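A.B. asks: Sequence first, then the predicted structure:
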Number of protein chains: 4
Amino acid sequence: MTNTQVTLVQIDNYGPWTVTPEPRREVDLQTLQSRLYADLSQLFGNRDGYVFFTRFDNMIAVTNGLDRDAHALIQESVGNRYPVTVSLGFGVDPSPVTALGDATAPLQDAGSAQDATRQEILSGDILGDEERTGDDVQIAHFDVVDATGKYTDELNAFDSFIHIEQGYAELMRYMRTAHDSLSFFVGGDNVIAVCPALSTAEYEDAIETVHDRVDVELQVGVGRARTAQSAGMNAKHALETCRDHGTAVEFY
Amino acid sequence: MTNTQVTLVQIDNYGPWTVTPEPRREVDLQTLQSRLYADLSQLFGNRDGYVFFTRFDNMIAVTNGLDRDAHALIQESVGNRYPVTVSLGFGVDPSPVTALGDATAPLQDAGSAQDATRQEILSGDILGDEERTGDDVQIAHFDVVDATGKYTDELNAFDSFIHIEQGYAELMRYMRTAHDSLSFFVGGDNVIAVCPALSTAEYEDAIETVHDRVDVELQVGVGRARTAQSAGMNAKHALETCRDHGTAVEFY
Amino acid sequence: MTNTQVTLVQIDNYGPWTVTPEPRREVDLQTLQSRLYADLSQLFGNRDGYVFFTRFDNMIAVTNGLDRDAHALIQESVGNRYPVTVSLGFGVDPSPVTALGDATAPLQDAGSAQDATRQEILSGDILGDEERTGDDVQIAHFDVVDATGKYTDELNAFDSFIHIEQGYAELMRYMRTAHDSLSFFVGGDNVIAVCPALSTAEYEDAIETVHDRVDVELQVGVGRARTAQSAGMNAKHALETCRDHGTAVEFY
Amino acid sequence: MTNTQVTLVQIDNYGPWTVTPEPRREVDLQTLQSRLYADLSQLFGNRDGYVFFTRFDNMIAVTNGLDRDAHALIQESVGNRYPVTVSLGFGVDPSPVTALGDATAPLQDAGSAQDATRQEILSGDILGDEERTGDDVQIAHFDVVDATGKYTDELNAFDSFIHIEQGYAELMRYMRTAHDSLSFFVGGDNVIAVCPALSTAEYEDAIETVHDRVDVELQVGVGRARTAQSAGMNAKHALETCRDHGTAVEFY
């Protein structure tokens, strides 16, 4: 069984801020969003967590090992460096989807994402040190088989992207519905999924489904560990094995 | 008629670099990618261009007003600050899709995106100053009607994202196929499309199609100008009019 | 004759902000300051200007070629991305010191640097396009002769730094008093000075004075151009000539 | 007694890199240096350390609590994100100056700072967990009494800076010679010193000396703790007491 701790990072009242007093320059918003994500990547990453950009105004992190104080410090550090603040909700469950639901609830209970008075919420449940085990987190790292040869070097850059995107859209929905997993596009042709304790057969099933529906061929490496960082690195090594051996699913 | 200058930014040999000598830490890759995008946002933005993160390893920019020297300086500046280099291809056409095809060709002709010896290509056609007009660029800024009320404040953060993502996936494909446009998710519930000279009816058609197929309700503001920056800002103001008046399509 | 346009960038009410409601974490302040400087480096640099970190809360830029609108955009861009705002004053004079005095005055006239109500001042004189010439800016790039061999590879890192710092402190004071120049430490063993139209003899005099007083041996390359960027690059090339030929002063 | 662990961060072969194949644009070098420093600030800061920019190509950190693995990860993270690499040397001693000497030695022994083949050295002594105590680090945070009223709001921005700089230059030399301390300018009118177990009288002596020699009036808050982060925050609170009570030296 896995036990995933998930954190929701939500920029407070961001929509209204972007158009007040009038619409802000898009290039500055893009810079702000992507740098905030880069910083969170380091802030969570330095504590063995993973964060995904998702919608940028709502980011999702896997945070096994980060206690409430670590979350408070990250929240404070963002407030010290950005013109916006963030709220953080966290939850724990064998199912990543349920954990995220638990992480979302305290933010929604405290008010709307566009409520100017709802600021810097910090709330939820933490997986205590004594409950943690060495295989709490399962990470699957997918990519597209020969994306460069099939798409990048052959089609225009947008049509390549459409193929990658279609594969991702199908995978994210299927993994969510059939396997209680959270899948995130992380650039290139890579998707990282946070999963419960799925088996080889279940990954094969997901890959086959995506192939049948949108004709995109995926492969996946899977890692399991105490933290997102370790599980993710194991998954990358397993994916290298797929590449070397031409296999579709490999566990570390 | 529009006349869009499009630039493809491709990180040279990025895939192999990320796993050499062994897989690099994901949080560092995420940091690298999002910061590179933030920097390009400023480098193009300071010259009135727009750049979209797309796949992060392949980014697409609208660059009316940037000549070859400006591109060279951006390329040099990336090389001075990052462990990776970028190739830049550019093209011009009334159809953004064709312009992107023209921008992609010189990179593909020079070698594979994963060819270690193909570095810092800088090639393509520029729209000369004498050919430029005040309405070369048409930008459409879409968002989801009441995304916060319907999704963000109601569903868990991933299920909200699935809805937004589905709307985007459908819109990007339809705008590409039916209207020769390039649409990019830019965070939150926002999509920015680079379009030829489309009419109100054509935007209404796109919105209706997305609504019919995936039940996501969009609105759009449209701007037209000499540069991406001005057209995009006009589009934002037009979108504010949609929000104020409850209309689906507004031209600036 | 030179005609230097100088801009003072002052963070509004920064001191009080750093300790409100209680002292903020030093590592976040250091990150904020150095990133703000990096961003200003790009914002001014993309317009052929130079900015120096000086005290970080008060930064000094050479901005020939930047009009009031360019300054306004830089000010807005900082406000869009940081938790603090900046005021900008600008002035023009053959003497860099006088130009800086003119740039400082409108900020001081508008209130204290620690006045919470004095925000985003944007005021001063701009060198109009019609008055600009090809040699308005003179930049001198100094470094320490064989700093690595004499200091970095021989002393502990702080004692090396003391030598470099002493050379800089003496040079900055002497160039200010004797030659109306503004000298800035820019890292390593490098100092960049913004000068009026000084001669070889005057640079020799400055180098000799520093050598006599604190026993640090300097060399300098000098460039002259329409903008800080070009003058500065010329100065670097001239300094390369010093290194190649063992000479103390070279003009480009 | 204190027991300070000091780390020297040296960019490998940086000088030659900045002029190869020809001088790189200064604004890019400034951006690179200040961002690298910002990143190190976070990388060390997230582990309760402090790093000072010093010369930017040679930075000095206080790293009690960081073991060899933490240093290795920081080194790897820099290599993953920058076009340059860093070497790290570390040492431990009651005297910060001696600790820095010990940290410098392994880098100098391995080759010159400008030796292209000397890369990513990682060497030195670590203060083991079992030897650590709650008062290993003493940090003193100095600032100039009423710098804004006396200088910033009265003089031009460079002449203000000269006063601050003179105070710093004198303090750094005196604290080094008389009190075995490492003092670093950190922006504004602030200097942070890493000290052995100095007394109130010794800080009074330093303040008086600076006042006598260069007529700059300082005050100082002093903190002591297990890590640089805690000692530094204590020092800031003590400095607030100086400001509130008009006293010159306060211990937390």
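C.D. replies: That came through, no problem.
A.B. asks: Could you use CA atoms for every contact and neighbour count after this?
C.D. replies: Fine.
A.B. asks: and the closest residue to chain C within the stretch 51-200 of chain A, how far is that from residue B:68?
C.D. replies: Nearest residue of the stretch 51-200 of chain A to chain C: residue A:83, at 4.0 Å (Cα to the nearest Cα). To residue B:68, residue A:83 is 35 Å away according to Cα to Cα, to the nearest Å.
A.B. asks: Which residues of the stretch 1-150 of chain A lie near chain C?
C.D. replies: For the stretch 1-150 of chain A, the contact set with chain C under Cα under 8 Å from any Cα of the partner chain comprises A:24, A:28-29, A:31-32, A:77, A:79-84.
A.B. asks: quick check, nearest of the residues you listed to chain D?
C.D. replies: Among the residues of the stretch 1-150 of chain A next to chain C, and counting by Cα to the nearest Cα, the member closest to chain D is residue A:77, at 9.8 Å.
A.B. asks: hey, which helix is longest across chain A?
C.D. replies: helix A:157-179 (DSSP state H).
A.B. asks: Now that one: buried residues?
C.D. replies: A:157-176, A:179 (16 or more other Cα atoms under 10 Å in any protein chain shown).
A.B. asks: now stretch A:42-55, how far from the centre of its chain.
C.D. replies: 8 Å (Cα atoms, centre = their mean, to the nearest Å).
A.B. asks: Can you measure across that stretch, start residue to end residue?
C.D. replies: 18 Å.
A.B. asks: Please see if it touches chain B.
C.D. replies: Yes: applying Cα under 8 Å from any Cα, one finds stretch A:42-55 touching chain B at A:42, A:45, A:50, A:54-55.
A.B. asks: Also stretch A:175-187?
C.D. replies: Yes: using Cα under 8 Å from any Cα, stretch A:175-187 reaches chain B at A:182, A:186-187.
A.B. asks: Make TSV out of those and add neighbour count and secondary structure.
C.D. replies: Formatted as TSV, these follow (neighbours: other Cα atoms under 10 Å in any protein chain shown; DSSP: H, G, I helix; E, B strand; the rest coil):
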residue	neighbour count	secondary structure
A:182	25	strand
A:186	19	coil
A:187	19	coil
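A.B. asks: Any chance of JSON lines for these, columns distance to residue A:37 and pLDDT?
C.D. replies: Output for the residues of stretch A:175-187 next to chain B, formatted as JSON lines (distance: Cα to Cα, whole Å; pLDDT from 0 to 100):
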{"residue": "A:182", "distance to residue A:37": "18", "pLDDT": "98"}
{"residue": "A:186", "distance to residue A:37": "12", "pLDDT": "98"}
{"residue": "A:187", "distance to residue A:37": "13", "pLDDT": "97"}
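A.B. asks: for the residue of chain A found nearest chain D, what are its contacts?
C.D. replies: For chain A, the residue closest to chain D is residue A:46, as judged by Cα to the nearest Cα, at 7.0 Å. Listed by Cα atoms under 8 Å, 6 or more residues apart in numbering or on different chains, the contact set of residue A:46 reads D:43, D:46.
A.B. asks: May I have the phi/psi pair for it?
C.D. replies: phi -70, psi -10 (degrees, to the nearest 10).
A.B. asks: Could you measure from it over to residue A:100?
C.D. replies: In terms of Cα to Cα, residue A:46 sits 22 Å off from residue A:100.
A.B. asks: now do residue A:146
C.D. replies: 33 Å.
A.B. asks: re the thing from before, greatest separation within the residues of the stretch 1-150 of chain A next to chain C: which pair is it?
C.D. replies: A:24 and A:77 (23.6 Å; Cα to Cα).
A.B. asks: okay, those two: which has more neighbours?
C.D. replies: residue A:77 (21 against 17; other Cα atoms under 10 Å in any protein chain shown).
A.B. asks: host element of the more buried one?
C.D. replies: Element membership for residue A:77, per DSSP states H and E: helix A:68-81.
A.B. asks: With just CA atoms, put that helix into CSV.
C.D. replies: Output of helix A:68-81 as CSV, limited to C-alpha atoms (Å, rounded to 0.1, in the frame of the first residue of the first chain):
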residue,chain,number,x,y,z
ARG,A,68,3.7,21.7,8.9
ASP,A,69,6.8,23.8,9.7
ALA,A,70,8.4,23.1,6.4
HIS,A,71,5.2,24.1,4.7
ALA,A,72,5.1,27.3,6.8
LEU,A,73,8.6,28.2,5.8
ILE,A,74,7.8,27.7,2.1
GLN,A,75,4.7,29.9,2.4
GLU,A,76,6.7,32.6,4.2
SER,A,77,9.5,32.5,1.6
VAL,A,78,7.1,33.0,-1.2
GLY,A,79,5.5,35.9,0.6
ASN,A,80,8.9,37.5,1.1
ARG,A,81,9.8,37.3,-2.6
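A.B. asks: Give me the buried positions along it.
C.D. replies: Quick answer for helix A:68-81 (16+ other Cα under 10 Å): A:68, A:70-72, A:74-81.
A.B. asks: Format those as JSON lines; extra columns: distance to residue D:232 and pLDDT.
C.D. replies: JSON lines is the format used below for those (distance: Cα to Cα, whole Å; pLDDT from 0 to 100):
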{"residue": "A:68", "distance to residue D:232": "23", "pLDDT": "98"}
{"residue": "A:70", "distance to residue D:232": "19", "pLDDT": "97"}
{"residue": "A:71", "distance to residue D:232": "21", "pLDDT": "98"}
{"residue": "A:72", "distance to residue D:232": "19", "pLDDT": "98"}
{"residue": "A:74", "distance to residue D:232": "19", "pLDDT": "97"}
{"residue": "A:75", "distance to residue D:232": "20", "pLDDT": "98"}
{"residue": "A:76", "distance to residue D:232": "17", "pLDDT": "97"}
{"residue": "A:77", "distance to residue D:232": "16", "pLDDT": "96"}
{"residue": "A:78", "distance to residue D:232": "20", "pLDDT": "97"}
{"residue": "A:79", "distance to residue D:232": "20", "pLDDT": "96"}
{"residue": "A:80", "distance to residue D:232": "17", "pLDDT": "96"}
{"residue": "A:81", "distance to residue D:232": "19", "pLDDT": "95"}
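A.B. asks: just these now: which is nearest residue C:114?
C.D. replies: Of these, the one sitting nearest to residue C:114 (Cα to Cα) turns out to be residue A:80, at 18.5 Å.
A.B. asks: Does the closest one touch residue C:82 like I think?
C.D. replies: No: with contact defined as Cα atoms under 8 Å, residue A:80 and residue C:82 do not form a contacting pair (9.1 Å).
A.B. asks: Name the residues that touch stretch A:242-252?
C.D. replies: Under Cα under 8 Å, 6+ apart, the answer for stretch A:242-252 is A:200, A:203-204, A:218-224, A:234-235, A:237-239, A:241.
A.B. asks: circling back: also near chain B: which of the residues of the stretch 1-150 of chain A next to chain C, exactly?
C.D. replies: For chain B, the contacts drawn from the residues of the stretch 1-150 of chain A next to chain C by Cα under 8 Å from any Cα are A:28, A:31-32.
A.B. asks: top of the residues you listed by neighbour count?
C.D. replies: residue A:31 (23 neighbours).
A.B. asks: In a strand, it, correct?
C.D. replies: No: according to DSSP: H, G, I helix; E, B strand; the rest coil, residue A:31 belongs to no strand; its state is helix.
A.B. asks: separation between the nearest residue to it once chain neighbours are set aside and residue B:78?
C.D. replies: Using Cα to Cα, 6 or more residues apart in numbering or on different chains and skipping residues adjacent in sequence, the residue nearest residue A:31 is residue B:38, 4.4 Å away. Applying Cα to Cα, the value for residue B:38 to residue B:78 is 11 Å.
A.B. asks: so where do the helices sit in the stretch 151-252 of chain A?
C.D. replies: With helices called from DSSP state H, counting those that start in this stretch, the stretch 151-252 of chain A shows them at A:157-179, A:200-214, A:228-245.
A.B. asks: ok, is the helix or strand of chain A with the lowest mean pLDDT in contact with chain B or not?
C.D. replies: Ranking every helix and strand in chain A by mean pLDDT, DSSP states H and E puts helix A:147 at the bottom, with a mean of 94. No: shown here: helix A:147 not in contact with chain B (Cα under 8 Å from any Cα), separated by at least 10.3 Å.
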